[in-house]
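Chemist: next one to model:
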Amino acid sequence: MLSAFRSALATPDLRKKILFTLMIVAVYRLGAITPAPGVSYPNVQACQAQTDQEGIYSLLNLFSGGALLQLSIFSTGIMPYITASIIVQLLTVVIPRFEELKKEGQSGQSKLTQYTRYLTIALAILQATGVIALADRGQLFQDCDQPVIPDNSIYALALIVVTMTAGTAVMMWLGELITERGVGNGMSVLIFLNIAAQLPTEGANILERNNAVVFAFVCVLGLAIIASVIFVEQGQRRIPVQYAKRMVGRRMYGGTSTYLPIKVNQAGVIPVIFGSSLLYLPDLISRLIGDPNSSSGWQVFLQNYVVNQSSWVHILLYFALIIFFTYFYITITFNVDERAEEMKKFGGFIPGIRPGRPTAEYLSYVLGRITLPGSIYLGLVAILPNFFLSITGDGNNQNFPFGGTAVLIMVGVGLDTVKQIESQLMQRNYEGFLR
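Modeler: Below is the predicted model of the structure:
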């Protein structure tokens, strides 16, 4: 592997891409720690030192690399873009115009990307407004009475919202620069960076609250979890596809054998994000419209059972939501009828299965069987932090560093980036990372 790194850095084009990516990463991390105008940075640090309870903000803070609770210019993180991309992708099934754009190729994809950007800005405005409203009302940090925004005039609050929204636009631009001129998918690399930036802090918290034996056990367990996730993420069912020979003009096409890969985790990390967001939404609404110190029955129920991540009600509900969204997302994104029609159009068929409707039914049967273990796998990985709260003794901070969304995204992005570097090295006849 060291020789592969040397080969990558010795190749001029690849070295420029890697250095350019590192430069964008440095700029991004600088913006993540730069406070927004009008925010009292000392008070923010004091409030973070006084309270460890992140509650409903843990997912958003994870995707922003800790920038959310620092109220920096990149506080909204990349979450608005992720949400906008998922919404636009789902709308391609609902809105005929979007479906037509998807089938138009590069021009249609450019139009969908433009719609995604517009929706990202709108969602960033909503998220920034919600975060500032919570911070102004003193609900962003529990049990902290220091004003994180000393000047709460309309002009000052609007300036912070505009700054955070502009920060989201800059993050989109930086991600696109990495995709075009760097290594890997830009948005995925930024998410990977945000999660990796939180690992040292989470590890230090575990070591501070427990002894070295527990910390070593968590590290070994984390490595085992990562190895298991890599094994499952690489797993796939390969359906053989045979293409018949056909004459086009004077040339003969087809007659080749290939396969249709169906991954065990076909849905990726999207069901985990859906499930987490849906569980955080009730508590967020209750905080915005109600009194945080109120002891009303529905708020007590939300806090004790839905929001409390160590509750068995929360764990079972989270697990069930992930399984549901896995089936829902795969049904929408993997259209078996379209795949069967494309294979039939180009003269492809599955050996032993007739083209057309029988092929679609066979693909649906295989997809349903492989989705079940994939959804259970996603659910088990996602609820790992809840089971290990008692081991780490971290009852307030719910972010176990090697479980849930974090490890799924880190492994997925890491494998994708390594494969891209691998392909670059193989084009130049160098030995790559994977053997």
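
Chemist: show me what the closest residue to residue 346 other than its chain neighbours is bridged to.
Modeler: Nearest non-adjacent residue to residue 346, counting by CB to CB, 6 or more residues apart in numbering: residue 243, 6.7 Å away. For glycine as for every other residue, the C-beta is placed from the backbone atoms N, C-alpha and C. Judged by DSSP bridges, the bridge partners of residue 243 are residue 348.

Chemist: residue 243 contacts residue 259, correct?
Modeler: No. Between residue 243 and residue 259 there is no contact under CB atoms under 8 Å: 11.5 Å.

Chemist: in terms of neighbours, single out the busier of the two.
Modeler: residue 243 (16 against 13; other CB atoms under 10 Å).

Chemist: next one: residue 199 from residue 220, what distance?
Modeler: 15 Å (CB to CB, to the nearest Å).

Chemist: which of those two has more residues huddled nearby?
Modeler: residue 199 (15 against 10).

Chemist: and the more buried one, helix, strand or coil?
Modeler: helix (DSSP: H, G, I helix; E, B strand; the rest coil).

Chemist: and for residue 141, the neighbour number?
Modeler: Neighbour number of residue 141 under other CB under 10 Å is 22.

Chemist: my bad, should have said residue 383
Modeler: Neighbours of residue 383 using other CB under 10 Å come to 21.

Chemist: same check, this time on residue 27
Modeler: Going by other CB under 10 Å, the residues that sit close to residue 27 add up to 13.

Chemist: tell me which element it falls in.
Modeler: helix 12-32 (DSSP states H and E).

Chemist: who are the packing partners of that helix?
Modeler: Other helices and strands packing on helix 12-32, by 3 or more CB pairs under 8 Å, 6 or more residues apart in numbering; DSSP states H and E, are helix 2-10, helix 154-181, helix 186-209, helix 404-427.

Chemist: residue 129 reaches residue 160, doesn't it?
Modeler: No. Using CB under 8 Å, residue 129 is not in contact with residue 160, being 9.6 Å away.

Chemist: what do those two both touch?
Modeler: By CB atoms under 8 Å, 6 or more residues apart in numbering, residue 129 and residue 160 have no common neighbours.

Chemist: show me which of those two is the more surrounded one.
Modeler: It is residue 160, of residue 129 and residue 160, that has more neighbours when counted by other CB under 10 Å, with 25 against 16.

Chemist: my read: that one touches residue 36, true?
Modeler: Yes. Here residue 160 reaches residue 36: they are 5.0 Å apart, a contact under CB under 8 Å.

Chemist: quick one: common contacting residues for these two?
Modeler: With CB under 8 Å, 6+ apart as the test, residue 160 and residue 36 both reach residue 71.

Chemist: the helix or strand hosting residue 238 - contacts with which helices or strands?
Modeler: Assessed by DSSP H and E, residue 238 sits inside strand 236-243. If you count contacts as 3+ CB pairs under 8 Å, 6+ apart, strand 236-243 packs onto strand 257-263, strand 348-349, helix 357-382.

Chemist: can you rerun that using 6 Å?
Modeler: strand 257-263, strand 348-349 (3 or more CB pairs under 6 Å, 6 or more residues apart in numbering; DSSP states H and E).

Chemist: now the helix or strand encompassing residue 320 and helix 357-382, what's the angle there?
Modeler: Element membership of residue 320, judged by DSSP H and E, is helix 312-333. Interaxial angle of helix 312-333 relative to helix 357-382 (axes from the mean of the first three to the mean of the last three CA atoms, to 10 degrees): 150 degrees.

Chemist: show residues contacting helix 312-333.
Modeler: For helix 312-333, contacts defined as CB atoms under 6 Å, 6 or more residues apart in numbering pick out 93, 266-267, 270-271, 274-275, 305, 308, 371, 375, 378-379, 382-383, 386.

Chemist: list the buried ones in it?
Modeler: Neighbour-count burial for helix 312-333, with 16 or more other CB atoms under 10 Å as criterion, is recorded at 314-315, 317-319, 321-323, 325-327, 329-331.

Chemist: mind checking how far residue 68 is from residue 141?
Modeler: 11 Å.

Chemist: again but with residue 203, I slipped
Modeler: If you go by CB to CB, the gap between residue 203 and residue 141 works out to 23 Å.

Chemist: no more questions from me, cheers.
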